[in-house]
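> Next comes the sequence, and after it the predicted model I'd like to discuss.
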Amino acid sequence: MIAVSRTEAVAAEPTFENALNGLHATGASVSTRELVELLAKHGSEEGKVLATYEALAEQSSDESVRYLISMILDDERRHHRLLAEMANAMAWGGVKSNSESKMPSIASGMDPSLLAQTRELRRIEEADYRELTHLRRRLKPFADTTMWSLVIELMLNDTKKHITILKFLEKHHRRH
């Protein structure tokens with residue numbers, strides 16, 4: 001595996017500036033321009049929030065605060081990247097020369113064996129959700145002295161997200 005510095009990784013991420021340039025380069029429609037500009041505005045605001053979280057993580061002397069804020073930072077960085085990818089995909093449309101448009105279009109149909117795997121994974125995620133719910137109840141006595149219940153709650157949220165993605169894949173397959 002090739003090591004990539006944080007600076008190189010950030011430089012490789014899609015930018016809202018590139019998306020805005022794409023609007024002009026492709027002659028995007030008014031509605032596309034409005035959507036991309038809205039995403040860029042939201043991304044700019046989220047960028048400021050991201051900087052605030054980063055400062056808090058760096059400045060806090062409390063290990064538990066740094067730990068929890070780092071979890072938020074992971075999500076916020078991903079959200080920022082996803083918004084930029086979406087803006088670039090919209091702005092540049094199907095132009096292949098744009099290296100920052102990393103959000104692919106939805107393919108038509110899914111291989112039947114992949115659909116079966118998707119359904120099995122959803123079944124596993126749903127069982128995991130039930131198990132985590134049971135574990136959350138068992139951890140109630142520790143709620144005021146540890147962050148264990150919080151971590152399980154966050155895992156439940158992630159599991160819901162995974163189920164939503166898998167359902168999307170199944171639904172998309174049925175349409176094609």
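Sure, I can see it. Residues are numbered from 1 along each chain as shown.
> Would you map out the domains in this protein?
6-92, 112-175 (automatic domain parsing).
> helices or strands next to the helix or strand R119 falls within in the packing?
Per DSSP states H and E: R119 is located in helix 112-138. Helices and strands touching helix 112-138, by 3 or more Cβ pairs under 8 Å, 6 or more residues apart in numbering; DSSP states H and E, are helix 148-175. Backbone N, C-alpha and C define where each C-beta goes, glycine included.
> got the buried residues for the helix or strand hosting M71?
Taking DSSP H and E as the criterion, M71 maps to helix 63-92. Neighbour counts over helix 63-92 (16 or more other Cβ atoms under 10 Å) mark 68-69, 73, 76-77, 80-81, 83-92 as buried.
> Surely Y129 touches I163?
Yes: contact criterion Cβ atoms under 8 Å: Y129 and I163 qualify, at 7.1 Å.
> picking up where we left off before, of the domains of the chain, which approaches P104 most closely?
When the domains of the chain are compared by Cβ to Cβ, domain 6-92 sits nearest P104, at 8.0 Å.
> average pLDDT for the closest one?
Averaged across domain 6-92, the pLDDT comes to 88.
> now the residue of the chain positioned farthest from its centre, what's its secondary structure?
In the chain, counting by Cα atoms, centre = their mean, P141 sits farthest out from the average C-alpha position, at 32.3 Å. Under the three-state scheme (DSSP: H, G, I helix; E, B strand; the rest coil), P141 adopts helix.
> ditto for the one 5 residues further on
Here T146 is coil, with the state taken from three-state DSSP.
> Could you do E58 as well?
Looking at E58 with three-state DSSP, the answer is helix.
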